[in-house]
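Peer 1: okay, here's the prediction I keep looking at, along with the sequence it came from:
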Amino acid sequence: LDAPAEEIAALYKQRWQVELFFKWIKQNLKIPHFLGTSENAVRIQVYVALIAYILLRMAQACQTAISQPLAFTRLVRLNIMHRRPINALRQTPPSPRSDPRQLPLPIVEI
């Protein structure tokens, strides 16, 4: 309480910058809560989310088919395990070729 008003105002300004940073993280990096409680766990989660965010933005910049970032992110999330060009994400994937030597698996409803 003995600190000058300028110092207190500077501390609140720095605190507000931290609040804005975490608001941006929650909105853009989709981290609703931190999985770990240690400083190292939080750092790793933020770094991984930042790397994923930057990679998505770079991939979106390399293509012209999808202009909205959220739509692009959804398409990547849905097709993350498919090996297809980025521009082909909107197209339905070709059906896999069946091997005549392989027996079909019957679908049994329970």
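Peer 2: Nice, I can see it.
Peer 1: domain map for the protein?
Peer 2: 1-30, 36-88 (the TED database).
Peer 1: buried residues, the first one. List them.
Peer 2: In other words, domain 1-30. Neighbour counts over domain 1-30 (16 or more other Cβ atoms under 10 Å) mark Ile25 as buried. The way it works is simple: take the backbone N, C-alpha and C, and place the C-beta from them, glycine included.
Peer 1: quick one: secondary structure of the nearest residue to Leu29 once chain neighbours are set aside?
Peer 2: Of all residues not flanking Leu29 in the chain, Ala49 sits nearest, at 3.8 Å (Cβ to Cβ, 6 or more residues apart in numbering). Here Ala49 is recorded as helix under DSSP: H, G, I helix; E, B strand; the rest coil.
Peer 1: ok now do Ala49, which residues does it touch?
Peer 2: Ile25, Leu29, Lys30, Ile31 (Cβ atoms under 8 Å, 6 or more residues apart in numbering).
Peer 1: now Leu50
Peer 2: So Leu50 contacts Leu29 (Cβ under 8 Å, 6+ apart).
Peer 1: for Ile80, what are its contacts?
Peer 2: Not one residue lies near Ile80 by Cβ under 8 Å, 6+ apart.
Peer 1: identify all contacting residues around stretch 17-33.
Peer 2: Outside stretch 17-33, the residues touching it (Cβ under 8 Å, 6+ apart) are Gln45, Val46, Ala49, Leu50, Ala52, Tyr53.
Peer 1: wait, which of those residues is closest to Gln91?
Peer 2: Nearest to Gln91 among the contacts of stretch 17-33 is Ala52, at 24.2 Å by Cβ to Cβ.
Peer 1: Val46: how many residues sit nearby?
Peer 2: Counted by other Cβ atoms under 10 Å, the residues lying close to Val46 total 16.
Peer 1: does Thr92 sit in a helix, a strand or a coil?
Peer 2: Using three-state DSSP, the structure places Thr92 in coil.
Peer 1: nope, Phe72 is what I meant
Peer 2: helix.
Peer 1: that one against Ile66, yeah?
Peer 2: Yes. Between Phe72 and Ile66 there is a contact at 4.4 Å, judged by Cβ atoms under 8 Å.
Peer 1: find residues that contact each of these two.
Peer 2: Gln60.
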